[in-house]
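K.L.:
Kindly generate the corresponding structure for this input.
(2 chains)
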There are 2 protein chains.
Amino acid sequence: DMALRHYTLDFNLSTAVDSASTVPGLLSIFHEQEMTETVHDTNGHGYLATFVGKNGRLVVLRVHSHGLVTIDLQCYEEDNIAELDNIHCLYHHPPRLPALVRGAKVDRYWPTADGRLIEYDIDRVVYEEESAYQNIKILHSQQFGNILVLNGDINLAESDLAYTQAIMGSGKENYAGKEVLILGGGDGGILAEVVKQKPKMITMVEISFMDGCKMHMRKTCGNILDSLTGDHYQILVEDCVPVLKKYVQEGRLFDYVINDLTAVPISTEPEEDSTWEFLGLILDLSIKVLHPNGKYFTQGNSVNLTEALNLYEEQLGKLSCAVDFSKEVVCVPSYSELYPFLSSKVVDTIC
Amino acid sequence: DMALRHYTLDFNLSTAVDSASTVPGLLSIFHEQEMTETVHDTNGHGYLATFVGKNGRLVVLRVHSHGLVTIDLQCYEEDNIAELDNIHCLYHHPPRLPALVRGAKVDRYWPTADGRLIEYDIDRVVYEEESAYQNIKILHSQQFGNILVLNGDINLAESDLAYTQAIMGSGKENYAGKEVLILGGGDGGILAEVVKQKPKMITMVEISFMDGCKMHMRKTCGNILDSLTGDHYQILVEDCVPVLKKYVQEGRLFDYVINDLTAVPISTEPEEDSTWEFLGLILDLSIKVLHPNGKYFTQGNSVNLTEALNLYEEQLGKLSCAVDFSKEVVCVPSYSELYPFLSSKVVDTIC
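P.N.:
Sure, this is the predicted structure:
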């Protein structure tokens, strides 16, 4: 693996030991390494020098006009970076950031839904498939176990029973003897947990990514995905929209509908985003197949995406039935952000 | 805030649309911006060009000899970065990483105990103090509330009731009528929760950082730190070692000792690290002030630091009493890593 390690080290001249000697001091550190120096014209935007070493090492030293010093050091994995320690000692910088590892075979950086940079302890790719519906990856993390990543979004890790419990109503529901419809849920987690409660029947409608999960997310799904039918459950490998429409026509009703299909879209412009339309359609059809006392559960998105959550509530308001709405915020181990789960119940039975 | 945004964009030539046109294509994007180009001699380590723009913008374009292309674009906050979108579209790169924000007034990057880069949604510094014992910061996060940071380590956020519950034994203990000793715990979370259970007496021994928490961690401590004594509790603002030694001499015993002082040290060389000696000392004294049926609770560290946890177990083996040890792994919202909590009980009563 010829990955590039990219160290960054930043400090303000005001906090450096001796501002006057900072630049010469830093330069001498790099000169000692016999690197080729280029000083660039910055058009009045401070001092900028680049240093290129024989072993492919690159240093970018900038002293910005407002006193910020930024140092970048890029080197290949086998290289040693003693200079950074020297700089670190000289300028009493707070603990420096871990190096960015760039171009590695296994990507460790998976941003949160609200766009923050998170480095995971991912050490290998376990499974990868480009399906007709999405890019499917299963990655191994030392602490979270295998992680399902769909189109670049962390979806669920084997550590994330908290996700499954939350989308099932956080232990407050009794599924015994009930009719349950799961939309999506291809990792098998919800199915595996609900089936333990002896429901009358679970119907799960999922079109994608069960093959990978069946093999590599066993801590989540157990052996429940090994067969498409079993005691008190069936899995329909179909698009859920026609299935829901058929159920509406037939007047089929469920005690619980658990929508594990799509996160609340990140876009806050519903009219321009067909995901919002899709979400509204699923929501409307789901409410139509709910028993009068039935409940609809789904996931939200990062608690920080408050606008998206507000728009979701707006969608609920547009439904033909009056729907009661509640929210629970949960810590899902592999997410690095708090996540709301949504529960809805028809409150006006004449609809 | 004159922070620098640092975008990185990496891809492999083998996956680019047309390898032959990649470098000229990228160059033309930057030439259009009227940037000053410097091509560097890399001693056979691929292609390296730097581009400096009039507005302080810097681009580093590298084509490494093994086919990796790395692009760095640094610009000031007000700058616009349309080129990156162009590159992104041209080369079908997967979702790009969020920009590193460098030199900002409020630092958003706080690595995990196992050394991974984590960006927090921190928007302001609420409190800062350089005490005789440590650097104390309280930072505000949109989702986690205020976060206590000691010497650069995320310690506890207002969202982290899960931490407090875990170090109290995860709801399996009954503190009513019991004698409880808390070592550390200056955020007030443990004290505030245990006191609700009507113990006989809680003694908390903490020497630092209560002033900041009292003001800015109210969701954690409520009003419990407003007074050093109250119904069924007292706070001793002292070093806990002499207090423990005095209790041992007096033969004073507790039903519970909760050590919230120090994480299991990250160092795995106990003989060279006085933190391990300190840990051993605290552990030994704590076990000596425990009732025969008493329990000792403490936090571990990142589950990934397995060696440190093994050394902790070794410390337990060295104690004068035989001690039973159990571990529970918990998701603490603000930590971005799973965290073990340790529970110990004296099993050999003749010691």
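K.L.:
can you give me the helices for chain A?
P.N.:
With DSSP state H as the definition, chain A shows helices at residue ranges A:19-31, A:82-90, A:161-167, A:189-195, A:210-216, A:218-221, A:240-250, A:274-288, A:306-317.
K.L.:
Can you show me the CA trace of the longest one as PDB?
P.N.:
In this case it means helix A:274-288. Output of helix A:274-288 as PDB, limited to C-alpha atoms (Å, rounded to 0.1, in the frame of the first residue of the first chain):
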ATOM      1  CA  SER A 274     -37.700  13.300  -6.000                       C
ATOM      2  CA  THR A 275     -36.400  11.600  -2.800                       C
ATOM      3  CA  TRP A 276     -38.900  13.800  -0.900                       C
ATOM      4  CA  GLU A 277     -41.700  12.700  -3.200                       C
ATOM      5  CA  PHE A 278     -40.700   9.100  -2.800                       C
ATOM      6  CA  LEU A 279     -40.700   9.600   1.000                       C
ATOM      7  CA  GLY A 280     -44.200  11.200   0.900                       C
ATOM      8  CA  LEU A 281     -45.500   8.300  -1.300                       C
ATOM      9  CA  ILE A 282     -44.200   5.600   1.100                       C
ATOM     10  CA  LEU A 283     -45.500   7.500   4.100                       C
ATOM     11  CA  ASP A 284     -49.000   7.900   2.500                       C
ATOM     12  CA  LEU A 285     -49.200   4.300   1.400                       C
ATOM     13  CA  SER A 286     -47.900   3.000   4.800                       C
ATOM     14  CA  ILE A 287     -50.500   5.000   6.700                       C
ATOM     15  CA  LYS A 288     -53.200   3.500   4.500                       C
END
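K.L.:
tell me the angle of it relative to helix A:306-317?
P.N.:
Using axes from the mean of the first three to the mean of the last three C-alpha atoms, to 10 degrees, one finds that helix A:274-288 and helix A:306-317 are set 40 degrees apart in direction.
K.L.:
anything in helix A:274-288 near chain B?
P.N.:
No - Helix A:274-288 lies apart from chain B when judged by C-beta under 8 Å from any C-beta of the partner chain; the minimum separation is 15.9 Å. (C-beta placed from N, C-alpha, C; glycine too.)
K.L.:
what about residue A:55, distance to chain B?
P.N.:
From residue A:55 over to chain B the distance is 7 Å, taken as C-beta to the nearest C-beta, to the nearest Å.
K.L.:
wouldn't that residue be in contact with residue A:79 here?
P.N.:
Yes - in this structure, residue A:55 sits in contact with residue A:79. The criterion is C-beta atoms under 8 Å, and the distance is 5.7 Å.
K.L.:
for residue A:163, what are its contacts?
P.N.:
For residue A:163, the contacting residues are A:156, A:189, A:299, A:330, A:332, A:339, taking C-beta atoms under 8 Å, 6 or more residues apart in numbering or on different chains as the criterion.
K.L.:
again, only this time at 10 Å
P.N.:
Residues near residue A:163 by C-beta atoms under 10 Å, 6 or more residues apart in numbering or on different chains: A:155-157, A:187, A:189-190, A:220, A:260, A:299, A:330-335, A:339, A:341.
K.L.:
In ChimeraX, select just the buried ones from those residues.
P.N.:
What follows is the ChimeraX syntax selecting those of the contacts of residue A:163 that are buried according to 16 or more other C-beta atoms under 10 Å in any protein chain shown:
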select /A:155,156,157,187,189,190,220,260,299,330,331,332,333,334,335,339,341
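K.L.:
Of the contacts of residue A:163, which belong to strands?
P.N.:
Taking DSSP state E as the definition of strands, those contribute A:155-157, A:260, A:299, A:330-331, A:339, A:341.
K.L.:
Same list, those, but as TSV with distance to chain B and pLDDT please.
P.N.:
Written out in TSV, the entries for the ones in strands among the contacts of residue A:163 read as follows (distance: C-beta to the nearest C-beta, whole Å; pLDDT from 0 to 100):
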residue	distance to chain B	pLDDT
A:155	14	94
A:156	14	96
A:157	10	98
A:260	20	94
A:299	16	87
A:330	9	93
A:331	4	94
A:339	10	88
A:341	15	89
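K.L.:
biggest separation within the residues you listed, which pair?
P.N.:
Spatially, the most separated pair among the ones in strands among the contacts of residue A:163 is A:260 and A:331, at 18.3 Å (C-beta to C-beta).
K.L.:
isn't residue A:153 right next to residue A:113, touching?
P.N.:
Yes - checked against C-beta atoms under 10 Å, the pair residue A:153 and residue A:113 is within contact range at 7.4 Å.
K.L.:
neighbour-wise, which of those two wins?
P.N.:
Taking residue A:153 and residue A:113 together and counting by other C-beta atoms under 10 Å in any protein chain shown, residue A:113 has the greater number of neighbours (21 against 16).
K.L.:
So residue A:197 sits against residue A:174, correct?
P.N.:
Yes - distance between residue A:197 and residue A:174: 7.1 Å, which falls inside the contact criterion (C-beta under 10 Å).
K.L.:
So which of those two has more stuff around it?
P.N.:
Set side by side, residue A:197 and residue A:174 show unequal neighbour counts under other C-beta under 10 Å, the larger going to residue A:197 at 16 against 11.
K.L.:
For the nearest residue to the more buried one once chain neighbours are set aside, grab phi and psi.
P.N.:
Closest residue to residue A:197 apart from its sequence neighbours, by C-beta to C-beta, 6 or more residues apart in numbering or on different chains: residue A:175 at 3.9 Å. Residue A:175 adopts backbone torsions of phi -90, psi 0, taken as degrees, to the nearest 10.
K.L.:
Based on its surroundings, how many neighbours for residue A:175?
P.N.:
Neighbours of residue A:175 under the rule other C-beta under 10 Å: 20.
K.L.:
need the contact list for it.
P.N.:
With C-beta under 10 Å, 6+ apart as the criterion, the residues that contact residue A:175 are A:168-169, A:193-200, A:202, A:255-256.
K.L.:
So in terms of bridging, what pairs with residue A:61?
P.N.:
With beta bridges defined as DSSP bridges, residue A:61 has these partners: residue A:49, residue A:71.
K.L.:
Would you agree it is in contact with residue A:71?
P.N.:
Yes - contact status for residue A:61 versus residue A:71: in contact at 5.6 Å, counting by C-beta under 10 Å.
K.L.:
Okay, now the unreliable bits of chain A?
P.N.:
Residues of chain A that meet the criterion pLDDT under 70 lie in A:1, A:15-20, A:80-86, A:88-95, A:262-273, A:320, A:348-351.
K.L.:
So for it, the centremost residue is which one?
P.N.:
Among the residues of chain A, residue A:154 comes closest to the average C-alpha position under C-alpha atoms, centre = their mean, at 3.4 Å.
K.L.:
so what's the closest residue to residue A:118 other than its chain neighbours up against?
P.N.:
Distances taken as C-beta to C-beta, 6+ apart put residue A:336 closest to residue A:118, at 4.8 Å, once the chain neighbours are dropped. With contact set as C-beta under 10 Å, 6+ apart, residue A:336 has these partners: A:110-113, A:116, A:118-120, A:154, A:302, B:112, B:116, B:118-120, B:333-337.
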